[in-house]
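>>> Task: produce atomic coordinates for the following.
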Amino acid sequence: MSDKIYDIAIIGAGPAGLTSALYCGRANLSTIVFGNVYESQIAKAGDIRNYPGIDSIQGVDLIEKFEIQAEHYNITHVPSNVTRAILGELFTLYSELDEFKCRSIIVATGSKHRELNIPGEKELAYKGVSYCSICDGNLYKGKVVALVGSGDQAAKAALYLAGLCKEVLVLTDKSDMDSPQYMEQVKSNTAIRVMGNARVVAIEGHEAVERIGFRINEGPEEVAGVEAVFIEGGIPNTLLALELGLELDDKGNISVSRPDQSTNVSGVFAAGDVTSGIHQVSKAVGDGASAAMSAILYVKKQKKGDSKLT
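As a prediction, this is how the structure comes out:
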């Protein structure tokens, strides 16, 4: 175990985590980041065309730029995951490599895509299979597409796609989209067709998505011709959040107070896809900056209090 006490520990090396690291490092606070940038969702995202100031960039290239910029400020980067976190006068974090102490934590563990684990999904990933309607919807203007999911996030995605696509076939395993807030808008939109009690069984195509197979109420398999399949419903990575005693919302995201990104545990902040809201790089960056500024103020206040006691 290192004797060093870090001012701020950031768990997660995606856009939110590395933005936080940049701000904390520039504030001249000792900062440690845990995580492998190549395991972040952005590294697997393919071509990104909606990040302000950059017309087009591969996700892996963008996250590498984030990492290089943060490292200009003497950031310690541990490319492994935190496996355990313990509360105390100081926070104690355990990785696969060592044990670390810190005064404040920013949780930026992101989320993972909801996968259907059906034939054709992996083979056609980013060839018509997408996990982000906002990211990729623009590529299918005037086309017929399918959306798989339910709840508010899926309903919002369906409405977004309906503004771009010729038709949006929504396949949900619920009886309807399970979104009271947006259901009337969905029903009144003539570009959206909802099929409830549906189970998707296959995605088909030669070099790109051409068809989607599904069953209604376990009936015979049906096939619809589509040029893209959008799978909605990311799963937040909140295992450490539970260990830290952080409150979660009804969707399983870490509950935060905005705009400071504070949690119910003093000294712990959260940012990015592990919190509620859209899963976009620009949103993660904003969250990361806000969480960093809050953590910086928290640590400086703590240090000031410590100095008065000596």
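
>>> Against residue 148, how distant is residue 205?
16 Å (Cβ to Cβ, to the nearest Å). Any C-beta I mention is one placed from the backbone N, CA and C, and that applies to glycine too.

>>> Mind jotting down where the strands sit in the stretch 1-150 of the chain?
5-11, 31-34, 47-48, 57-58, 76-78, 82-86, 91-95, 99-107, 111-112, 129-130, 144-148 (DSSP state E, counting those that start in this stretch).

>>> Enumerate every residue touching the closest residue to residue 126 other than its chain neighbours.
Nearest non-adjacent residue to residue 126, counting by Cβ to Cβ, 6 or more residues apart in numbering: residue 46, 4.7 Å away. By Cβ atoms under 8 Å, 6 or more residues apart in numbering, the residues touching residue 46 are 58-59, 126.

>>> so what are the domain limits for the chain?
5-112+234-307, 115-231 (the TED database).

>>> Export those as CSV, with columns for mean pLDDT.
Putting the domains of the chain into CSV (pLDDT from 0 to 100) gives the following:
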stretch, mean pLDDT
domain 5-112+234-307, 93
domain 115-231, 95
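
>>> show me where the protein has helices.
15-26, 59-71, 133-136, 151-162, 183-188, 239-243, 281-309 (DSSP state H).

>>> Show me the contact partners of the fourth one.
By that I understand helix 151-162. Against helix 151-162 from outside (Cβ under 8 Å, 6+ apart): 133-134, 137, 140, 145, 147-149, 168, 170, 172, 177-179, 181-183, 185-186, 189, 191-192, 230, 232-233, 251.

>>> From residue 59, how far off is the residue nearest in space to the middle of the chain?
What sits nearest the mean C-alpha location of the chain, by Cα atoms, centre = their mean, is residue 273, with 3.0 Å. Per Cβ to Cβ, residue 273 is found 14 Å from residue 59.

>>> Could I get the buried residue list for stretch 135-155?
Neighbour counts over stretch 135-155 (16 or more other Cβ atoms under 10 Å) mark 135-137, 140, 143-151, 153-155 as buried.

>>> of all those residues, which comes closest to residue 51?
Using Cβ to Cβ, residue 135 is the member of these that lies nearest residue 51, at 10.0 Å.
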